[in-house]
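In: curious how this folds, go ahead:
(one chain, ligands or ions: 2)
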Amino acid sequence: MGSRELDENVINLKGIGEKTAKLFEKCGVRTVGDLLSYYPRCYDGYEIPVRASDVRPGQINSVKLTIIGSIIKRRVRNLSIIAFEAADQTGKIKMTYFNAPYLASSLKSGTTHIFRGMVQKKGSFYTMDQPKMYSQEEYASLVGRLMPRYPLVKGLTNNIVIKAVEQAFLNIGKLEEFVPQTILDRLSLIGYSEAARSIHFPENDKKLEEARRRLAYDEFLLFVLKLRLLKMTQEEISNSFPMVEVSETKRLLEVLPYKLTNAQSLAWKDIQNDLQGPSVMNRLIQGDVGSGKTVIAMLALLTTAANGYQGALMAPTEVLAAQHFENFKELIDKYNIQHLKPILLTGALSAKDKKEAQRLISEGEANCIIGTNALIQEKVSYKNLALVVTDEQHRFGVRQREALAGKGLNTHVLAMSATPIPRTLAIILYGDLHISVINELPGGRLPIKNCVVGTEYRPTAYKFIKDQVEAGRQAYVICPMIEEGEMDGVTNVVDYTETLRQNLPPDISVAMLHGKMKPAQKDEIMEAFARKDIDVLVSTTVIEVGINVPNATVMMIENAERFGLSQLHQLRGRVGRGKYQSYCIFLNTSESDDAKKRLDIMNKTNDGFKIAEEDLRQRGPGDLFGVRQSGDLNFRLGDIYHDSDLVKESAMDADRILSEDPELLSTQYSVLRDKIATKSANLVDFATL
Ligand code: ADP
Ligand code: MG
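Out: Ligands and ions are numbered 1, 2, ... in the order given. Here you go, the predicted model:
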């Protein structure tokens, strides 16, 4: 097959019409190649159903049971609840469904079904909440298979995606290999064609892991190659925006209510040297959560403005961008900071406001532009953009830098990341950046108190949250999912908000926040939380990055075992930011020893770098089923911690390949070269562009 078939629009696949093609486009799938790398988010494995006495609590089980007794229907506020018991000769399980009136007709005492879902042990009995229900024939046809479950949008069903992917494979035949056979042999990696197919339709767990590993290697190899090539072209770029030290920054440092920590001072010195030096700055500030990176960014942006240039601050979310903007404005007013004229540019602006903002930017009246990635995309034209700061990104995306270079801009780049990466990996993944580490927290903070608990602790946790709120504090509760049904046995924000409202006194205000909300709505909620109009915020990991509400003292993380350790550390970093004692409750809903061992690390240390090292040491098989890390350094299948061996191997391979053929001109590397050049494919995108 050639790349021609892969470049074809999905609409040319049998069974895909205009409507479906549009839905695919919403998911970022335009071509057949895009479709092939539209990976399942998880897989359903259908085991042979077990008996009631053989269920494993804390895990997904399929149980064959007969409904006994009566079916109880209740309403609690706007939640309808259906409850009943189902049993076989060996035992019984209590079933509960929420807001599922459509089930009422199929639930009859005496009928037998397969119930599939998370089993919990509550006291002496077992329970299942919202299990999927199958007829025996239906289930029999599924047993033994791994069925892909794709990320979907409204109107696009899992079946449509499965059919489309099957059709795509029929059309393209065998995919061309692009990694030299010697490498595949050395690392025991399977061929590309097989991996590409197997990641969608794995025969079993083992085949799935083989496919994932192969494709993860590809991600790393392509990334490192791209990085190396970029570095070669950037090495010698001179400083087009030379700057001098300005009195404004000195004054800011004098009026701030605190002194920079030593580590902050050193990082600030590094940046000044870069900005005044002979070549363009490419620097990463790596500092644990709460180490005070924002003020460093502000100093750099102030220097830039006072030197007569523009600077931009890019945040990963609109919420965070808005928060930065408010902070900056507050400091500017409070300390009468001259020169710095910030402006917020986000998707939430009205068309008219956006136009006005763009005018201020292109005419240079605004000199500190704060927003999301959109800042460097198409429409914004700058007068003299000299510095781009990216917050909470491990690095400035390769593509973003290309986008800037494409505009003829060789701006200084300052990336700020809170995700600690072990040194060995940092050298590879940040190979093209200079690094300053802020390895010190501002003094006077109380260390966060942690606990790892099981589901039986929930009532105690709610009581604890109530006490803290009554003492004037606020709390976060994190759930992995947004709404019901995304994954079995996993808490979701929508239902949990309701649960908390029922379990907390009515004068405690509980609100929710998640990524499917409109930006303006998200901002509103975040602002209300910052104003303390909301006491308890139930959220997905959208609050992971950067939010600073020092009055919040409780972080409760549901299904904590589903998150990566570094991600848990980030979440925990949302509390402990003020003068109050803060607490982090990790709620472990799994009964597995591994999960417990992993979470115990969070109990033992608050040091992000130690956590990253431990994560690496304890790595198990790459967890495709967990909740993927959001944000940066986020490979689609690879996981820098779990696959650190592949990261290292791929770096050596990249160097070997480039030393042999620096521009990848020989025919054996032609497919590889194409892959690096294409926008889609499995190429890593660091900054979610
Ligand atoms: P992060 O590194 O996670 O982005 P922030 O920049 O948001 O951290 O800083 C966290 C809090 O610490 C802010 O309220 C900030 O004002 C405060 N802070 C920053 N530097 C210092 C310092 N040197 N001493 C005391 N407080 C500081
Ligand atoms: Mg920050």
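
In: give the helix, strand or coil label for the residue in the stretch 251-400 of the chain that ligand 1 sits nearest to.
Out: In the stretch 251-400 of the chain, the residue that lies nearest ligand 1 is residue 292 (2.8 Å; CB to the nearest ligand atom). In this view, the C-beta of every residue, glycine as well, is placed from N, C-alpha and C. Secondary structure, DSSP: H, G, I helix; E, B strand; the rest coil: residue 292 is coil.

In: check contacts around it.
Out: Taking CB atoms under 8 Å, 6 or more residues apart in numbering as the contact definition, residue 292 lies against 260, 261, 264, 438, 441, 442.

In: how about the residues you listed in CSV, adding neighbour count, pLDDT and secondary structure?
Out: What follows is the contacts of residue 292, written out as CSV (neighbours: other CB atoms under 10 Å; pLDDT from 0 to 100; DSSP: H, G, I helix; E, B strand; the rest coil):
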residue, neighbour count, pLDDT, secondary structure
260, 18, 96, coil
261, 18, 95, coil
264, 23, 97, helix
438, 24, 91, strand
441, 19, 83, coil
442, 15, 86, coil
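
In: determine which two of those residues are furthest apart.
Out: For these, the farthest-apart pair by CB to CB is 260 and 441; their separation is 12.4 Å.

In: show me which residues of the helix ranked longest in the chain are buried.
Out: Longest helix in the chain by number of residues, with DSSP state H as the criterion: helix 205-234. Residues of helix 205-234 classed as buried by neighbour count (16 or more other CB atoms under 10 Å): 207-208, 210-230, 234.

In: and stretch 22-36, by the same measure?
Out: Neighbour-count burial for stretch 22-36, counted by 16+ other CB under 10 Å, picks out 23, 24, 27, 29, 30, 31, 32, 33, 34, 35, 36.

In: from the residues you listed, which is closest to residue 581?
Out: Looking at the buried residues of stretch 22-36 and their distance to residue 581, the nearest is residue 27, at 44.3 Å (CB to CB).

In: in space, what's closest to the closest one - neighbours in sequence excluded?
Out: Excluding the flanking residues, the one nearest residue 27 by CB to CB, 6 or more residues apart in numbering is residue 153, at 5.9 Å.

In: didn't residue 542 look like it was pressed against residue 516?
Out: No. At 9.6 Å, residue 542 does not count as touching residue 516 under the criterion of CB atoms under 8 Å.

In: related to what we said a few turns ago, what pLDDT does the residue of the stretch 251-400 of the chain closest to ligand 1 get?
Out: If you check residue 292, the pLDDT there is 92.

In: what are the phi and psi values for it?
Out: Note on residue 292: backbone dihedrals following degrees, to the nearest 10 are phi 90, psi 50.

In: what's the burial count for residue 46?
Out: 18 (other CB atoms under 10 Å).

In: same question, the one 5 residues further on
Out: When counting by other CB under 10 Å, one arrives at 13 neighbours for residue 51.

In: list the contacts of the nearest residue in space to it that is not next to it in sequence.
Out: Using CB to CB, 6+ apart and skipping the chain neighbours, the partner closest in space to residue 51 is residue 90 (4.6 Å). Contacts of residue 90 were listed using CB under 8 Å, 6+ apart, and they are 51, 52, 53, 54.

In: mind doing that once more with 6 Å?
Out: Contact partners of residue 90, counting by CB atoms under 6 Å, 6 or more residues apart in numbering, are 51, 52, 53.

In: and the closest residue to the last one other than its chain neighbours, its phi and psi?
Out: Think residue 53. Distances taken as CB to CB, 6+ apart put residue 90 closest to residue 53, at 3.6 Å, once the chain neighbours are dropped. Dihedral pair for residue 90: phi -100, psi -10, per degrees, to the nearest 10.

In: what about the closest residue to ligand 1 within the stretch 401-550 of the chain, distance to residue 579?
Out: Residue of the stretch 401-550 of the chain nearest ligand 1, by CB to the nearest ligand atom: residue 442 (3.2 Å). Going from residue 442 to residue 579 by CB to CB, to the nearest Å gives 11 Å.

In: remind me which residues of the stretch 101-250 of the chain are low pLDDT?
Out: Within the stretch 101-250 of the chain, the stretches with pLDDT under 70 are 234-236.

In: oh, I was asking about the stretch 351-500 of the chain
Out: The low-confidence ranges in the stretch 351-500 of the chain, as defined by pLDDT under 70, are 377-378, 393-408, 420, 485-488.

In: what does it have sitting close to ligand 1?
Out: 418, 442 (CB under 6 Å from any ligand atom).

In: could you rerun that using 5 Å?
Out: residue 442 (CB under 5 Å from any ligand atom).

In: follow-up on the earlier one: pull up the per-residue confidence for the residue nearest to residue 53.
Out: So, for residue 90, pLDDT stands at 95.

In: try the one 10 residues further on
Out: The predicted structure scores residue 100 at 84 on the pLDDT scale.

In: and it, how many neighbours?
Out: 16.

In: just read off the phi/psi values of it.
Out: Main-chain torsions, residue 100, degrees, to the nearest 10: phi -130, psi 60.

In: for the remainder of this discussion, apply numbering that starts at 560.
Out: In the new numbering, first residue 560, that becomes residue 659.
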